[in-house]
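Colleague: 3D, please:
(one chain, ligands or ions: 1)
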Amino acid sequence: MAKYDNSFTDELRQRLSLVDVISRRIQLTKKGQNYWGCCPFHNEKTPSFSVNEEKGFYHCFGCGEHGDIISFTMKSENIDFKEAIKELADMAGIKMPEYKVKSKAQIEAEENYFQITEKATQIYQDLLYQDIGKHALEYIKNRGFSDDMIKKYRIGYAPKNNIISARFNNIKIDKLTATGLVRIGDYGPYDFFRDKLMFPIFNAHGQIVAFSGRSLDGSEPKYINTTDTELFHKRQTIFGFNFARDAIHKNNRSIIVEGQIDAIQMQMHGFPETVAPLGTALTEDHIAILCKSNRNIVFCFDGDNAGQKAAIRACTLVLPFLRENSEVKFAFVTGGKDPDEILKNQGESAMRKIIDNATPLIDFLWESVNKNYLVNTPGGRTSAEKYLKDCISKIQDKIFQNEINEEYNSRKFNQWHKWKKQEYKPDVKLPDIDVMTINLIKSIVQTYPEITEKYIDFLTSLNISFDDNVQKTSLDLENAEKFIVSFKLQRYTQKLESEKQQLLKNALNGEKYDSELLEDLNKKIEESNRKLEMLLDMNNK
Ligand SMILES: [Zn+2]
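Modeller: Modelled structure (predicted):
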């Protein structure tokens with residue numbers, strides 16, 4: 001039987017959720033810390049099979065079966081270790097390693113690696129407090145870092161010259177290049193990090209696997225990270241995780257911010273459960289690692305457009321990890337450019353407000369769909385519905401998937417398809433009546449009570465005050481009435497025209513419109529115009 005080195009099986013355990021894998025066979029329900037279901041290994045009607053997601057093992061209190069993700073796959077499918085590994089690797093979407101045992105040489109190489117990174121960190125730490133690192137120290141102090149913080153996170157300074165290649169000249173060059181600290185160029189070895197503020201990147205065991213260097217002269221990119229090595233994989237490493245792990249467990253959630261300095265400042269100022277991806281791209285590996293502890297994540301993004309985009313990306317990445325009781329939220333920093341700035345200028349309480357007011361995933365997804373698609377047009381709605389459907393299909397927890405589906409169906413009905421349940425009621429505003437016309441109407445009303453009586457409904461609908469005294473009209477009764485009738489006809493035509501415009505506007509926006517209604521309006525307008533012409537003709541005679 002082939003042996004696989006622990007790091008591969010560890011990776012499988014890290015990448016895959018035991019609950020997900022077991023849920024493919026039996027239904028699990030969360031009760032307290034554990035998930036429970038009916039044991040697949042013995043016959044039972046009441047659940048005594050418990051799964052501990054965080055620790056990664058299952059235990060049956062009925063028959064005593066016990067094991068982890070690999071033994072579960074072997075036993076439940078009756079396959080051997082190698083086949084189980086293969087199946088789980090497929091599930092996790094990772095490649096099977098070649099037959100691999102950690103050799104003595106490999107173990108030695110790892111030891112060398114950590115010795116070099118550890119010693120390099122010490123060198124960088126010393127240099128930060130020497131003359132050569134003065135500008136770096138000044139920079140980090142200006143960012144609000146105390147000496148204690150600098151010490152805790154082991155921040156240092158990499159000078160312009162090739163300090164690592166020079167100080168480690170007794171070590172074989174390939175060992176140095178293996179750490180990514182030294183490269184070989186046309187003129188020999190040179191340091192990868194030069195004139196950079198250095199942040200060590202720790203693995204879960206607190207060993208230094210890589211570095212992130214911040215530029216100090218304003219050059220871009222702001223941060224460069226060690227390129228991937230045997231022991232460092234950027235996509236699978238979360239900055240600050242070694243410090244945050246206990247707090248993520250204790251506070252039952254993690255907070256993800258965009259930058260490393262943000263993560264450190266958050267950890268130091270009341271949010272010890274905060275981490276950051278390395279560089280800007282969040283990966284599903286990052287989320288998988290966090291979801292091992294719990295599935296409650298607050299994504300905290302800068303309030304700019306880039307932050308919005310990153311949030312949408314994070315949302316699609318996190319969907320497969322969601323469970324019915326997951327609490328995933330999205331917070332956007334407003335009133336400052338990032339959490340670091342908020343903490344510095346407004347303090348912890350302002351930051352806590354931002355985190356506490358974070359939008360739940362279900363609302364965030366809905367809002368972003370409404371923002372990014374023209375949901376007031378049929379085409380836009382179709383695309384938006386398709387996008388939502390794709391998102392929902394990513395959710396693997398069936399109960400939660402149904403729940404979110406129903407919620408969105410009701411929102412679609414209430415917010416997108418309102419017209420389906422409402423009768424068409426045009427909201428039209430007629431043009432104001434000019435002062436001369438108002439005065440003429442007033443004088444007619446004062447002069448001829450019989451006309452007022454006859455057209456009282458129309459006259460009151462005009463919202464004119466008839467209380468004040470005006471001059472009597474010089475028009476005779478017949479012409480006065482004709483004026484009122486023609487005015488009434490004009491207003492009526494205006495109202496019909498306005499309704500027609502509204503209808504056409506709605507139709508352009510993609511709303512359902514009634515062609516019969518339009519035809520009817522056209523007929524009425526024509527008729528009203530004809531009546532008006534007749535009336536005016538009579539006037540001219
Ligand atoms: Zn059992």
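Colleague: since we're on L517, how many residues are nearby?
Modeller: Residues lying near L517 (other Cβ atoms under 10 Å) number 14. Where C-beta positions appear, they are placed from N, C-alpha and C, glycine not excepted.
Colleague: Please point out which parts of whichever strand or helix holds it sit buried.
Modeller: Using DSSP states H and E, L517 maps to helix 515-540. When burial is assessed from 16 or more other Cβ atoms under 10 Å, helix 515-540 yields the following buried residues: L521, K524, I525, S528, L532.
Colleague: distance between that helix and the chain's centre?
Modeller: Taking Cα atoms, centre = their mean, to the nearest Å, one finds the center of helix 515-540 at 56 Å from the center of the full chain.
Colleague: Would you mind pulling up the elements that that helix packs against?
Modeller: helix 477-508 (3 or more Cβ pairs under 8 Å, 6 or more residues apart in numbering; DSSP states H and E).
Colleague: buried residues in the helix it packs on?
Modeller: Residues of helix 477-508 classed as buried: 480-489, 491-493, 495-496, 498-500, 502-503, 506 (neighbour count, 16+ other Cβ under 10 Å).
Colleague: So for that helix, mean pLDDT?
Modeller: Across helix 477-508, pLDDT averages out at 88.
Colleague: quick check, distance from it to the centre of its chain.
Modeller: What separates the centre of helix 477-508 from the centre of its chain is 51 Å, taken as Cα atoms, centre = their mean.
Colleague: which secondary structure elements does it contact?
Modeller: Helix 477-508 packs on helix 435-447, helix 449-454, helix 456-461, helix 515-540, going by 3+ Cβ pairs under 8 Å, 6+ apart.
Colleague: Those: which one's closest to E83?
Modeller: Nearest to E83, of all the helices and strands packed on helix 477-508, is helix 515-540, at 64.6 Å by Cβ to Cβ.
Colleague: that older thread, got the helices and strands packed on helix 477-508 as JSON lines, with distance to A92 and mean pLDDT columns?
Modeller: Formatted as JSON lines, those follow (distance: least, Cβ to Cβ, whole Å; pLDDT from 0 to 100):
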{"stretch": "helix 435-447", "distance to A92": "79", "mean pLDDT": "87"}
{"stretch": "helix 449-454", "distance to A92": "85", "mean pLDDT": "82"}
{"stretch": "helix 456-461", "distance to A92": "72", "mean pLDDT": "81"}
{"stretch": "helix 515-540", "distance to A92": "56", "mean pLDDT": "83"}
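Colleague: is it possible to export those to a markdown table including distance to the ion?
Modeller: Listed next are these as a markdown table, based on distance: least, Cβ to the ion, whole Å:
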| stretch | distance to the ion |
| --- | --- |
| helix 435-447 | 89 |
| helix 449-454 | 91 |
| helix 456-461 | 80 |
| helix 515-540 | 67 |
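Colleague: residues in the chain within reach of the ion, list them.
Modeller: Neighbours of the ion within the chain, by Cβ under 5 Å from the ion: C39, F41, H42, C60, G62, C63, E65.
Colleague: at 6 Å instead, please
Modeller: C39, F41, H42, F49, C60, G62, C63, E65 (Cβ under 6 Å from the ion).
Colleague: now, which of these sits nearest S215?
Modeller: Proximity of these to S215 (Cβ to Cβ) peaks at F49, which lies at 54.0 Å.
Colleague: Just give the closest residue to the closest one, not the sequence neighbours.
Modeller: C39 (3.8 Å; Cβ to Cβ, 6 or more residues apart in numbering).
Colleague: Name the helix or strand for the one you found, please.
Modeller: According to DSSP H and E, C39 maps onto no helix or strand at all.
Colleague: I'd say it and C63 touch.
Modeller: Yes. The pair C39 and C63 passes the contact test of Cβ atoms under 8 Å, sitting 6.2 Å apart.
Colleague: between those two, which one's more packed in?
Modeller: Per other Cβ under 10 Å, whichever of C39 and C63 has more neighbours is C39, with 21 against 13.
Colleague: for that one, what are its contacts?
Modeller: Applying Cβ atoms under 8 Å, 6 or more residues apart in numbering to C39 gives the contacts I26, P47, S48, F49, C60, G62, C63, E65.
Colleague: Could you report the separation of the last one from K488?
Modeller: Put plainly, it is E65. E65 sits at a distance of 88 Å from K488 (criterion: Cβ to Cβ, to the nearest Å).
Colleague: now do the fifth one
Modeller: C60 sits at a distance of 86 Å from K488 (criterion: Cβ to Cβ).
Colleague: One more: the fourth one?
Modeller: To K488, F49 is 81 Å away according to Cβ to Cβ.
Colleague: And for the second one?
Modeller: Distance from P47 to K488, counting by Cβ to Cβ: 77 Å.
Colleague: Any regions of the stretch 301-450 of the chain where pLDDT drops low?
Modeller: Counting by pLDDT under 70, the stretch 301-450 of the chain has low-confidence residues at 417-428.
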